[in-house]
Structure formats: C-alpha cells, structure tokens
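> Model the structure of this input:
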Amino acid sequence: MVVQPIQTFEREYTIPAHLRHTADEPLSAKASTRLRQLLARPGIVAAPVGAATTAAKLGMPDLAIATLPDFPQLLYPLIADADTGFGGPAMVARTVQMYDRAGVAALHIEDQLSRLVTPFRVRFVVIARTDSAQVLGMDEAIRRLQAAASVGADVAFIEGVKTKELLEKTVKALAPTPVLVNVISGGLTPSFTTQEAEAMGAKIIIFSLVSAVAAVHAIREAMALLKKTGTDHTSAGEWTHASSSRLLAWTSDRG
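Okay, the predicted model is just below:
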C-alpha cells in the first residue's frame with residue numbers, strides 16, 4: 001500500500017453550530033445521528049468504531065460478515081475500522097475513497113498478506129495496523145509497521161501490547177511515526193490511562209467497548225434494582241416523564 005501525500009489540511013474537531021442542539025433532541029432512528037447525540041452532551045467530538053460497533057449493528061459477531069457498504073455511514077469524526085480493505089488492491093483503493101467521502105477522521109486497515117501495493121490519495125489519517133504480535137512476536141509486528149510507515153502510513157497501531165516496556169520499545173522503534181495504543185477492559189494491553197500512555201510516547205489511545213460495557217452494566221443494575229425494590233425510582237434518579245417525552249419525541253422543546 002502506497003499513500004501519496006496531498007496538500008496540507010486540517011480538520012477542526014469541534015461540534016459545528018448547527019449540530020450542537022442534537023444532544024437535547026429526541027434520539028434519532030439513524031445510527032450516525034444517535035451516536036452524535038449521545039456523545040455531544042459530555043462534549044466528546046470524536047470516537048473510534050470497530051468490531052463491537054459492527055456486532056451491535058448486525059446482531060451477530062464480527063466474523064468478516066459485514067461488507068464495505070455496512071461501514072462508511074457515520075458522518076462524524078471517527079477513527080474507523082476498515083477491516084482488511086474488503087478485497088484486493090482495487091477494493092482497498094475503493095474502500096479508502098468511500099471512507100474519505102463519508103468524512104472519517106482516520107481509518108486503519110489490517111496487514112493481510114494479500115494486500116498489494118495500491119496507490120491512492122487521501123484527505124485523512126491512514127493508520128497501519130498489525131495483529132501479528134501475538135503469533136509472530138513484537139519484532140515482526142514492528143517490522144511490518146516500519147514497512148507501512150516507509151510508504152506513507154501516518155500512524156502505527158500494534159494490537160495487544162502487553163507491557164509498559166513493550167509500548168516504550170514500540171514507540172522508540174517506530175519514531176517519528178506516531179503510535180496508537182488500544183485499551184480494552186480485561187484485554188492484553190494493560191489499562192493505561194491517557195496520561196500514562198502519553199508519558200510512554202503514544203500519541204493516540206483508544207478505549208474500546210466503553211459505551212457497550214457501560215450500557216450492559218447500567219441495564220443489569222437497573223433491572224436488578226427493579227426486581228429487588230419493586231420500583232425504578234432508584235435507577236431513574238432525577239429522570240422525569242418530561243425527559244422521557246423529549247427523548248422519545250412524544251414532545252419537543254424545539255418548534
């Protein structure tokens with residue numbers, strides 16, 4: 001894969017004025033708008049999507065069942081999972097173009113051996129990803145990412161960095177290419193904080209499954225409290241009927 005650089009550009013990752021009201025609007029049936037609504041209230045303006053998002057959408061595990069049209073649909077600053085590019089060189093190029101048109105902030109493509117050299121021009125960040133460390137070792141994983149960086153990848157992503165020392169080694173070996181670290185609760189990579197990852201030299205840290213885990217815990221807790229107490233007052237907290245009406249579009253504060 002060869003990434004041909006284009007003119008310097010910047011994207012401002014702030015919520016545009018015409019979208020700022022979405023946090024208080026009824027939840028949309030459209031996934032991209034619903035995501036924007038849920039993230040807007042705490043002020044989060046960018047997020048990653050990957051296997052868990054795909055599984056939630058399809059209602060089944062992400063086992064290469066989803067195809068290209070299932071992915072580039074979220075018009076929001078996302079670090080997007082482009083899987084393996086969905087085919088040979090021509091499909092990889094088409095995948096990149098479709099993600100570009102969808103407006104993603106960045107994408108990562110896995111380092112499958114079938115990916116051949118594919119020239120394309122992009123207007124976003126290209127993240128080279130390898131999952132080879134667990135099978136072939138860190139040295140081979142680093143070598144692959146060095147090769148990707150040499151042909152223009154903007155960021156390096158090794159899945160499953162198991163220790164602080166290995167992350168520091170990775171950052172040093174790949175410099176000056178920025179390194180992304182992926183943190184999954186209970187996963188192979190320790191639960192580094194953003195401050196710890198930054199101190200080790202990582203430039204991007206992704207916390208995978210945050211919303212999924214939070215939702216599962218919240219629903220389980222609410223159901224357990226309902227069964228135990230016979231009421232939802234405890235789990236509902238300050239939530240009111242008016243709040244529900246606005247959320248479900250029964251009523252609206254907007255004219």
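> Below-threshold pLDDT in the stretch 151-255 of the chain: ranges please.
233-238, 243-255 (pLDDT under 70).
> switch to 90 and redo it
Applying pLDDT under 90 to the stretch 151-255 of the chain picks out residues 151-154, 160, 183-188, 190-191, 204-255.
> Compute the number of surrounding residues for residue 135.
Residue neighbour count, defined by other CB atoms under 10 Å, stands at 8 for residue 135. (C-beta placed from N, C-alpha, C; glycine too.)
> and the gap between it and residue 164?
Note on residue 135: its distance to residue 164, by CB to CB, to the nearest Å, is 22 Å.
> Also residue 201?
Taking CB to CB as the measure, residue 201 falls 11 Å from residue 164.
> again, but for residue 78
28 Å.
> Kindly report the same for residue 176.
The gap separating residue 176 from residue 164 is 21 Å, by CB to CB.
> Over to residue 136?
Distance from residue 136 to residue 164, counting by CB to CB: 21 Å.
> cool, and residue 105?
Taken as CB to CB, the span from residue 105 to residue 164 is 28 Å.
> Need phi/psi at residue 207.
With angles defined as degrees, to the nearest 10, residue 207 sits at phi -100, psi 100.
> Which positions in stretch 154-168 come out as buried?
Going by neighbour count (16 or more other CB atoms under 10 Å), the buried part of stretch 154-168 is 154, 155, 156, 157, 158, 159, 160, 161, 166, 167, 168.
> Just the terminal-to-terminal distance for that stretch.
With CA to CA, to the nearest Å applied, stretch 154-168 spans 19 Å between its terminal residues.
> who touches that stretch?
Stretch 154-168 has contacts (CB atoms under 8 Å, 6 or more residues apart in numbering) with 3, 106, 108, 125-131, 133-134, 138, 141-142, 145, 148-149, 170, 174, 177-182, 187-190, 192, 196-197, 200-204.
> Out of these, name the ones that lie in strands.
Assigned to strands by DSSP state E, the following of the contacts of stretch 154-168 qualify: 3, 106, 108, 125-130, 179-182, 204.
> tell me which of those residues is nearest to residue 226?
The closest of the ones in strands among the contacts of stretch 154-168 to residue 226 turns out to be residue 182 (CB to CB; 35.2 Å).
> ok, that closest one - how many residues close by?
21.
> Okay, and the beta partners of it?
Judged by DSSP bridges, the bridge partners of residue 182 are residue 206.
> so who does it touch?
Per CB under 8 Å, 6+ apart, neighbours of residue 182: 157, 159, 189, 205, 206, 208.
> at 10 Å what do you get?
Residue 182 is in contact with 48, 50, 108, 129, 157-161, 188-189, 204-208, counting by CB atoms under 10 Å, 6 or more residues apart in numbering.
> From residue 225, how far out is it?
Distance of residue 182 to residue 225, given as CB to CB: 33 Å.
> Residue 128 contacts residue 108, correct?
Yes - counting by CB atoms under 10 Å, residue 128 touches residue 108, with 7.1 Å between them.
> Need the overlap of contacts for those two.
Shared contacts of residue 128 and residue 108 (CB under 10 Å, 6+ apart): 153, 155, 156, 157, 180.
> Now for the third one, which secondary structure element holds it?
The secondary structure element spanning residue 156 is strand 155-158 (assigned by DSSP states H and E).
> partners of that strand in the sheet?
With DSSP bridges as the test, strand 155-158 is paired with strand 125-130 (parallel), strand 179-184 (parallel).
> Can you add distance to residue 239 and give those back as a markdown table?
Converted to a markdown table, the strands paired with strand 155-158 look like this (distance: least, CB to CB, whole Å):
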| stretch | distance to residue 239 |
| --- | --- |
| strand 125-130 | 39 |
| strand 179-184 | 30 |
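> Which parts of the stretch 51-200 of the chain are helices?
Taking DSSP state H, counting those that start in this stretch as the criterion, the stretch 51-200 of the chain carries its helices at 51-58, 89-102, 133-136, 138-150, 164-174, 194-199.
> No more questions from me, cheers.
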